[in-house]
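J.: A structural model of the following input is requested.
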Amino acid sequence: MLKRLTKVWPYLLMAVGFTLVLGLLEGYVMIQLMGLFDLALGKQMEQFTTESMRVMRLALTLVPIAIIVTCTKNLYKRKANELMKDYYLEKVYAKNISEFYSENNAKYLSALTNDFNTLEQKFINPVYSIIDGGAVFIAGMWMIFTVNPKLVSLGLVLVVINTGLTFLLQKPITKQTTARSDLFEGYTGYIKEVLSAFHIIRNNNLQERIQNNFDEKSETVQHRGYLIDRLLSYVYCMQNTVSNFMILGVMGVAGYLALQGEGTIGGVLLIVEGMFRILGPMMMISEAMPQIATVGGIIKKIEATLTNHEETKEEIEHCELGKGISIEGVSFGYEKEQLILEDVNVAFRTGEKYLIIGPSGGGKSTLLKLLRKYFNPIEGTIWMGDTPLSSIKKEAYFKQISNIDQKVFIFEDTLRNNLTLYKTYTDEEILEALEKAGLADFVNNHPDGLERMLYDDGKNVSGGEKSRIAIARALLEKADLILLDEAFSALDPAKAKEIEKSLLDLEGVTIIHVTHVLFKEHEKDYNEIYMVKNKQVYPYPKHAKQAS
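T.: Model prediction:
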């Protein structure tokens, strides 16, 4: 992730450049103002008037530069946040599908919300604060140097002490920050769970129990945050105490030198102003450095969520269905000790139609997940034509297939975009797909037609309409292979038969349909019907005879 942030360095350097110019120019203006103060005390009014006008013009130039500094700073922060989140989402979608679905999604939600907010507050912002403070610090040191170079050494001592205190307490703060992130992941998962179970909680009067659990988890997360803030407050307190003693010492020395005739009153005031310009940035830097030191654990945790634990070498970027898909000696289980499919051998020829039936939990959907390349077999090989499916890049394979699932996701967008999935199709192609999917009346009976807005996950459409939208998507893609998983479960039998017939009439398209329902009138339209049972895949008529 930090490597991706190298792309933001141009924006940071631009912000740093303008910040440094502003800091030095402010320091120069203060030096000139102290000179004016000495001229006033010396009653050199003519020279005072001339210099005042010059300094005033110089001060006015600070305004546009300050505006530019603010704009470049905000641009840097925006780009840094965009790059980190783009990187994370890109890596999430590079995860193995099998690994993504085997994990709790709460860890990704927590990363995109809590962890990235932490990175913004404790890395992106502090990095700029250190640079901003550094520019002001340099200006302050310059102001003191112009009066008495010896006093500059006190400022450097202040830097060393504050840096030492930061690194001294870095480890415990990092440990607490990482622990809080872990707690927040569980907290996010719990919130997601209770919101998803809203109707169950209400119907069973579980509100009080949920509230108590929520309070307990929330208190644990907040307490961890309190411990982090308490540790940081110790650091800030010690650093500020050292800084205050240091500035008092410099002011005392400057005053003594002035009384001894080694400086002017204006010089003393300039030293005091310079020390304040050192002290302010040092406090800013002192607060920023411990924060930056704590994010290492967060970054490691974020990167860990993006790691694929099983890597398969995929080299082939172009693939064709060829003669079809064949499964040879394939065994698979989500846990190696508990196989769901064992030594399966079956072939699906191009352009033919296949129905896969079997009892619930028998392995039908698992077989389909293997064909969808969500998982790789533990043993055996799945072939696409003459090529092992495992060696074909997922992006290339997914272009060849369409998936129709029992659970259909609907984006909060127009019906058109939910059908086309943001790809370009003609209205004629869309209308043809709608007709075959049984959605023509659904579109025609609404005043907005294809521009009708669908809400989050299809809350304003029925389950059957969602299923038909998924079928229309698949028809629009005109894929060589359509894989269906209980796609008609939300449809009434008459509509299901009608749509199934439309799919079976598609020429040159291979269809593999997993279902627990077999319509007798369509049985003859399938080239083969397979039964998945007892870890095996049998031709259905043969299995029926065996079972009898």
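
J.: Give me the domain ranges for this protein.
T.: The record's domain parsing of the chain by automatic domain parsing lists 4-305, 324-547.

J.: The ones you listed: lowest mean pLDDT?
T.: Lowest mean pLDDT within those: domain 4-305, at a mean of 76.

J.: Alpha carbons only: can I get stretch 139-158 in CSV?
T.: Extracted C-alpha coordinates of stretch 139-158, given in CSV (Å, rounded to 0.1, in the frame of the first residue of the first chain):
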residue,chain,number,x,y,z
ALA,A,139,11.6,29.9,9.6
GLY,A,140,11.7,30.2,13.4
MET,A,141,15.3,29.0,13.5
TRP,A,142,16.3,31.5,10.8
MET,A,143,14.7,34.3,12.8
ILE,A,144,16.7,33.3,15.9
PHE,A,145,19.9,32.9,13.9
THR,A,146,19.7,36.4,12.6
VAL,A,147,19.8,37.7,16.2
ASN,A,148,22.2,35.2,17.9
PRO,A,149,23.4,32.0,16.1
LYS,A,150,24.3,30.4,19.5
LEU,A,151,20.7,30.1,20.5
VAL,A,152,19.9,27.9,17.5
SER,A,153,21.5,25.0,19.4
LEU,A,154,18.7,25.1,22.0
GLY,A,155,16.1,24.5,19.3
LEU,A,156,18.0,21.5,18.0
VAL,A,157,18.1,20.1,21.6
LEU,A,158,14.4,20.4,21.7
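
J.: Of all the domains of the chain, which one is nearest His318?
T.: Nearest to His318 among the domains of the chain is domain 324-547 (5.9 Å), distances taken as C-beta to C-beta. (Each C-beta comes from the backbone N, C-alpha and C, glycine too.)

J.: ok, back up a step: okay, the domains of the chain in JSON lines with distance to Lys313 and mean neighbour count next?
T.: Below are these laid out as JSON lines (distance: least, C-beta to C-beta, whole Å; neighbours: other C-beta atoms under 10 Å):
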{"stretch": "domain 4-305", "distance to Lys313": "13", "mean neighbour count": "17"}
{"stretch": "domain 324-547", "distance to Lys313": "7", "mean neighbour count": "17"}
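
J.: So for Glu317, which of those domains sits nearest?
T.: Nearest to Glu317, of those and by C-beta to C-beta, is domain 324-547 at 5.4 Å.

J.: How far away from the center of its chain is the closest one?
T.: 30 Å (C-alpha atoms, centre = their mean, to the nearest Å).

J.: Reformat the domains of the chain as a markdown table; add distance to Glu314.
T.: Formatted as a markdown table, the domains of the chain follow (distance: least, C-beta to C-beta, whole Å):
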| stretch | distance to Glu314 |
| --- | --- |
| domain 4-305 | 11 |
| domain 324-547 | 5 |
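
J.: Excluding chain neighbours, what is closest to Pro281?
T.: Nearest residue to Pro281 in three dimensions, chain neighbours excluded: Gly133, at 3.2 Å (C-beta to C-beta, 6 or more residues apart in numbering).

J.: do the same with Ala40
T.: Leaving aside its sequence neighbours, Ala40 sits nearest to Phe48 (C-beta to C-beta, 6+ apart; 5.6 Å).

J.: Check which helix or strand that neighbour maps to.
T.: helix 45-60 (DSSP states H and E).

J.: now what about that helix, what contacts it?
T.: Residues from elsewhere that reach helix 45-60 (C-beta atoms under 8 Å, 6 or more residues apart in numbering): Leu25, Tyr28, Val29, Gln32, Leu33, Gly35, Leu36, Leu39, Ala40.

J.: of those residues, closest to Phe411?
T.: Minimum distance to Phe411 across these is 51.3 Å, recorded for Leu25 (C-beta to C-beta).

J.: Tell me which residues touch the closest one, please.
T.: Leu25 neighbours (C-beta under 8 Å, 6+ apart): Leu58, Thr61, Leu62, Ile65.

J.: I'd like the distance between it and Ala135.
T.: Note on Leu25: its distance to Ala135, by C-beta to C-beta, to the nearest Å, is 10 Å.

J.: Equivalent analysis for Lys301, please.
T.: Applying C-beta to C-beta to Lys301 and Ala135 gives a distance of 33 Å.

J.: can you check Val346 too?
T.: 70 Å.

J.: go on, Ile378?
T.: Per C-beta to C-beta, Ile378 is found 60 Å from Ala135.

J.: And the helices in the stretch 251-400 of the chain, which stretches?
T.: Using DSSP state H, counting those that start in this stretch, the helices found in the stretch 251-400 of the chain span residues 265-305, 364-371, 394-398.

J.: I'd like these written out as a markdown table, with distance to Glu99 added.
T.: Below are these laid out as a markdown table (distance: least, C-beta to C-beta, whole Å):
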| stretch | distance to Glu99 |
| --- | --- |
| helix 265-305 | 10 |
| helix 364-371 | 13 |
| helix 394-398 | 13 |
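
J.: For Lys466, find the nearest of those.
T.: For Lys466, the closest of the helices of the stretch 251-400 of the chain is helix 364-371, at 18.5 Å, according to C-beta to C-beta.

J.: ok, the closest residue to Gly358 other than its chain neighbours - contacts?
T.: Leaving aside its sequence neighbours, Gly358 sits nearest to Val532 (C-beta to C-beta, 6+ apart; 3.8 Å). Residues near Val532 by C-beta under 8 Å, 6+ apart: Leu341, Ile356, Ile357, Gly358, Gly362, Gly363, Lys364, Leu367.

J.: what about the strands in this structure?
T.: Secondary structure of the chain (DSSP state E): strands located at 324-332, 341-349, 353-357, 379-384, 387-388, 401-404, 413-414, 453-454, 481-485, 510-514, 528-533, 536-539.

J.: So which of those strands is nearest Ala139?
T.: Evaluated over the strands of the chain, closeness to Ala139 peaks at strand 413-414, with 52.2 Å, by C-beta to C-beta.

J.: What pairs with that closest one, parallel or antiparallel?
T.: Strands adjacent to strand 413-414 in the sheet, as given by DSSP bridges, are strand 453-454 (antiparallel).

J.: Any chance you could list what contacts the strand it pairs with?
T.: With contact meaning C-beta under 8 Å, 6+ apart, strand 453-454 is reached by Ile410, Phe411, Glu412, Asp413, Thr414, Leu415, Asn418, Asn460, Val461.

J.: For the first one, which non-adjacent residue is closest in space?
T.: Just to be clear, that refers to Ile410. Gly458 (3.3 Å).

J.: In contact with the one you found, which residues are there?
T.: By C-beta under 8 Å, 6+ apart, Gly458 lies in contact with Val408, Phe409, Ile410, Glu465, Lys466, Ile469.

J.: Not counting sequence-adjacent ones, nearest residue to the fifth one?
T.: Read it as Lys466. Lys466's closest residue in space is Val408 (C-beta to C-beta, 6+ apart), at 4.2 Å.
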